[in-house]
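Colleague: I would like to see how this sequence folds:
(one chain, ligands or ions: 2)
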Amino acid sequence: MNPPLERSWSDKTPITHLKGIGKRNAERLARIGIRSVQDVLFHLPFRYQDRTRIIPISNLRAGDQAVVEGVVNGSDIRFGRRRSLVVELVDGTGALVLRLFHFSSAQQASLGPGTRLRCFGEVRNGLSALEMVHPEYSYLGHQDDGVLDLSLTPLYPTTEGMHQLSWRKTTDEALKLLESNPSLLPEWIPQPLLERYRLPELAGALRTVHRPPIDTSLELLISGRHPAQKRLAFEELLAHQLGLRNVRHRQRRLRSPALASSGYLQGRLLRKLPFCLTGAQRRVVDEISADLTRDQPMMRLMQGDVGSGKTVVSALAALQAVETGHQVALMAPTEILAEQHLRSFRRWLEPLGLEVGWLTGRQKGRARADILDSLAEGEMQFVVGTQALFQSDVRFQALGLVIIDEQHRFGVHQRMALWEKGAGAGGVPHQLIMTATPIPRTLAMTAYADLDLSLIDELPPGRTPVTTVVVRDNRRAEVIDRVRVACQQQRQVYWVCTLIEESESLQCQAAEDACKRLAEALPNLRIGMVHGRLKLAERDAVMKDFVQHNVDLLVATTVIEVGVDVPNASLMVIENPERLGLAQLHQLRGRVGRGTVESHCVLMYHPPLSESARQRLKVIRESRDGFLIAQRDLEIRGAGEVLGTRQTGEMQFRIADLLRHQFMLDDVQQAAETILAEYPDRVEPLVRRWVGAKEGYINA
Ligand code: ADP
Ligand code: MG
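Modeller: Numbers count the residues shown, from 1 in each chain. Ligands and ions are numbered 1, 2, ... in the order given. Have a look, this model is predicted:
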C-alpha cells in the first residue's frame, strides 16, 4: 500500500507515492540514490531512440538505431565463426540483413519468405550488406497495424532489476504527478532571470527532456544542447555556485588565530636560499601573509604550473605560523609527494632549529605514539604526512595553518572535515591549498567558489624550455642512443614506464623489465630504479643516488610524476605516453627542464594510436603552457577528470557537464550574484534541491 498522500508536496516526497513503485523497486532505486519523486524527475535519459517513424532501408547508415518495415525475401543458416540465422528483409528501397545467433527452429520457421516484419535495432556494417543483430521485431498483418510511438523513446541509466519499461512507467507517473501538483517542484529561478537568460520554465523543460515531442531535434538532444537540457544544467550549476558561496560565508564568519609575526624566521630562510624569489612568488607570499595576520580563516588556493616554486612559498607561510607559536600540518595525497615535501622542509627548516615530523598510515605502534604525543604537546612545530594526519586520534596543541598539496584530489568535504578537526580554543586553522594542475579560469570559479585564488604565473629564471618529440617505438634503438649520448655529456636521464592497467604490481614489473633491457643495451651506465613496490627506505636511497649523480639513468613508474627535483636531468623518455592523460604527461615532463641545460622529452608511443591519444600527444608536443594544456585536456576528456574528482565523487553533476556547459558559466556567476542580492530566499531551496543538505552548503 502506498502511504496516504500528503497535502503539501516537497522535494522529499518519496517515490512510493508513485503508482507501481513498491518496496522492492524503492529499494532498488535507493541503491542509485533515487529516493524522492524529485530524484526520479531529475534522473534524465542518457540517450533517445526514434521509434516514431519508419525509415526506408536505403536511408540507413551504420550506427543508426531505426525502425524499418519490410518483407522477408529469404532466410538461411550460415556457419561462419558462429552459427547464425540470416534473414534478408526488403522494402522496395533496399535490402537489410537481420542476424540471429540464438534462435529456435520455430522462430526460423516463422521467418519464412513473404513474412511482413517491423524491426527496431542498431544498424551495422555486415559482410556484404547493412545488418541488424538481434533486432526487436513484430509481425505485421495485411493492413498496417503496428503502432508507432508518439514521442522519442528515452533510455535511462539504470540499475539491476529496473528495465527501461519500468523506467518509462515510473517517469510517466512522476510527470503526471507533477502536472497535477505543480508545488511538487516549484520554480525557484525568478521570472526576470528566466527571461534574461532565455530559460524555459522548469516543469516544461523536464517534460521535454523525458518525453521529447516528435518534432524535437534528436541531434540537439543527444549532444545535450537542447534548451530544455540547458535550462536544467543552468539551475544545477547555479545551485552549486550558491552552495559553495554559502560554504565560503560560513567559513568567513569563523575565527582563526591572527598570526602576526615579525618576519624574523622568514628572513632567515630567505637569506639561506640559493635563489631569489620571483616576482610572482613574492606577490603570493604577501597575499598569504596578509591573510594570516587576520583573525578570519584564510581559505586560499595557490595555483602554479609545475616547477613554479610553490613549495618555498608554503614554507614561508609555515614560518609565519611557527614564529607565532603555532603548529603547521602539511598534507599530500600520496606518500611519494609527502616524502618530497618532507625532504624540502627538512632541508629548509632544520637549519633554523625547527623539528619537522612525519606521519603516514604506515607508521604503527611506538613510532606513531611518539609523534602523536609531541603533536599533542606542541613540541613538534611542523608535521608532513598523508591523510593519516587527520585521523581521529591525531591531536594538535595549537594548529595554526594547514597546507594541502594537490587539493583537487581531495573534495570540499574532506577539506572541511580536516579543517574542523583542527579547531581549538584559538579558532580554526588557516588553510593554504596548493595545486600544480592549472585549472582554466571558468572551471576554477565554479569548482573553487569557496576559495580565494593566488596565481604563480611566472617560472624561476634560467629555465630552458623542454623540447618534446613524439616517436614510434620501432625507433627504440635511436632513443637508447640518445640516452647514451646524454649520459656521456654528464647529464642524467629518466625512463618512465606506463601501463594501462591500474595494477601497481604490473607497472612495477614493466619497470623491472625495462631496466633489465636497458642495462643490457647500456652496460656502462649506472642505472637505478624506483617503483611503488620498493620500500620507502630503498626508494629514498635510489632517489638520493640520483640526486647526487651516483646514478645516470633512473627507470621509474609514474610514481615520479610529482616530487622529484634534479636539475641535471636533461632527458626524459616516456614509454607508451598514449596511455596517460595530458595533465599527467605535463606533470611528468616537468621533471626535466628544471636547470639551465637544454632538455628533451621523448614520447615513444606504440601504434595504433586512438584519435584522442593522437590529439593528446600533439597538444603536449606543441605546448608547454600548463593552462593551455589544461584547457585542451578539458576539451578532450571532460571536466571530471581534469579536476581529478572521479575518485572523490565531488563535482559530480546530475545534469550539468562543465565541458559542454562551459559557455554558461559566466551567466551562472552573474545569476548567482543577482539571486544573492535580490532574491536571498531562493538560495536555500535551490541549494537543497541540487546539492543537498550536506553540512555547510545550506545556511549563511
Ligand atoms: P612546484 O611549484 O612544482 O611545486 P617546486 O616548489 O618544487 O615547484 O620548485 C621547483 C624547483 O625550483 C625547486 O628546486 C625549487 O627549489 C626551485 N625554485 C623555487 N623558487 C625558485 C626561484 N625563485 N628561483 C630559482 N629556483 C627556484
Ligand atoms: Mg610541488
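
Colleague: ranges for the helices of the stretch 251-400 of the chain?
Modeller: Secondary structure of the stretch 251-400 of the chain by DSSP state H, counting those that start in this stretch: the helices cover 264-272, 279-292, 310-323, 335-349, 365-377.

Colleague: how far out from the middle of the chain is the longest one?
Modeller: On the basis of C-alpha atoms, centre = their mean, to the nearest Å, helix 335-349 is displaced by 27 Å from the centre of the chain it belongs to.

Colleague: Convert the C-alpha atoms of it to CSV, please.
Modeller: Once non-C-alpha atoms are left out, helix 335-349 reads as follows in CSV (Å, rounded to 0.1, in the frame of the first residue of the first chain):
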residue,chain,number,x,y,z
GLU,A,335,53.3,9.2,0.2
ILE,A,336,55.7,10.0,-2.6
LEU,A,337,54.6,13.5,-2.7
ALA,A,338,54.6,13.8,1.0
GLU,A,339,58.2,12.5,1.1
GLN,A,340,59.3,15.1,-1.3
HIS,A,341,57.9,17.8,0.9
LEU,A,342,59.5,16.2,3.9
ARG,A,343,62.9,16.4,2.2
SER,A,344,62.4,20.1,1.2
PHE,A,345,61.1,21.2,4.5
ARG,A,346,63.8,19.4,6.5
ARG,A,347,66.4,21.0,4.2
TRP,A,348,65.0,24.4,4.8
LEU,A,349,63.7,24.4,8.3
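
Colleague: show me what contacts V133?
Modeller: When the contact criterion is C-beta atoms under 8 Å, 6 or more residues apart in numbering, the partners of V133 are 99-101, 121-122, 124. In this view, the C-beta of every residue, glycine as well, is placed from N, C-alpha and C.

Colleague: ugh, wrong one, I32
Modeller: 157, 159.

Colleague: do the same with G357
Modeller: By C-beta under 8 Å, 6+ apart, the contact set of G357 is 371, 374-375, 380, 382-384.

Colleague: what pairs with it across the strands?
Modeller: According to DSSP bridges, the partner residues bridging G357 are V383.

Colleague: hmm, which two among the contacts of G357 are most spread apart?
Modeller: When the contacts of G357 are compared pair by pair using C-beta to C-beta, the two farthest from each other are S374 and V384, 13.8 Å apart.

Colleague: Can you classify M529 by secondary structure?
Modeller: Of the three states, M529 takes strand according to DSSP: H, G, I helix; E, B strand; the rest coil.

Colleague: Compute the number of surrounding residues for it.
Modeller: When counting by other C-beta atoms under 10 Å, one arrives at 24 neighbours for M529.

Colleague: now do N25
Modeller: Applying other C-beta under 10 Å, we find 18 residues neighbouring N25.

Colleague: do the same with A290
Modeller: In terms of burial, A290 registers 10 neighbours under the definition other C-beta under 10 Å.

Colleague: what do you get for G263?
Modeller: Counted with other C-beta under 10 Å, residues neighbouring G263 total 14.

Colleague: Give me the distance between it and ligand 1.
Modeller: Per C-beta to the nearest ligand atom, to the nearest Å, G263 is found 18 Å from ligand 1.

Colleague: May I have the residues that are in contact with the nearest residue to that residue once chain neighbours are set aside?
Modeller: Using C-beta to C-beta, 6 or more residues apart in numbering and skipping the chain neighbours, the partner closest in space to G263 is Q320 (7.5 Å). Under the criterion of C-beta under 8 Å, 6+ apart, the contact list for Q320 reads 259, 261, 263, 265-266, 288-289, 292, 401.

Colleague: Which PyMOL command selects the buried ones in the residues you listed?
Modeller: Selecting just the buried residues from the contacts of Q320 in PyMOL takes one command, with 16 or more other C-beta atoms under 10 Å as the test:
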select buried, resi 259+261+265+266+288+289+292+401
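
Colleague: what's the most distant pair in the contacts of Q320?
Modeller: Considering C-beta to C-beta, no two members of those lie farther apart than G263 and L401, which are separated by 15.5 Å.

Colleague: residues near D286, how many?
Modeller: Neighbours of D286 under the rule other C-beta under 10 Å: 11.

Colleague: oh, and call the first residue 17 from now on, that's how I've got it
Modeller: Fine by me, first position is 17 from now on; the one you just mentioned is D302.
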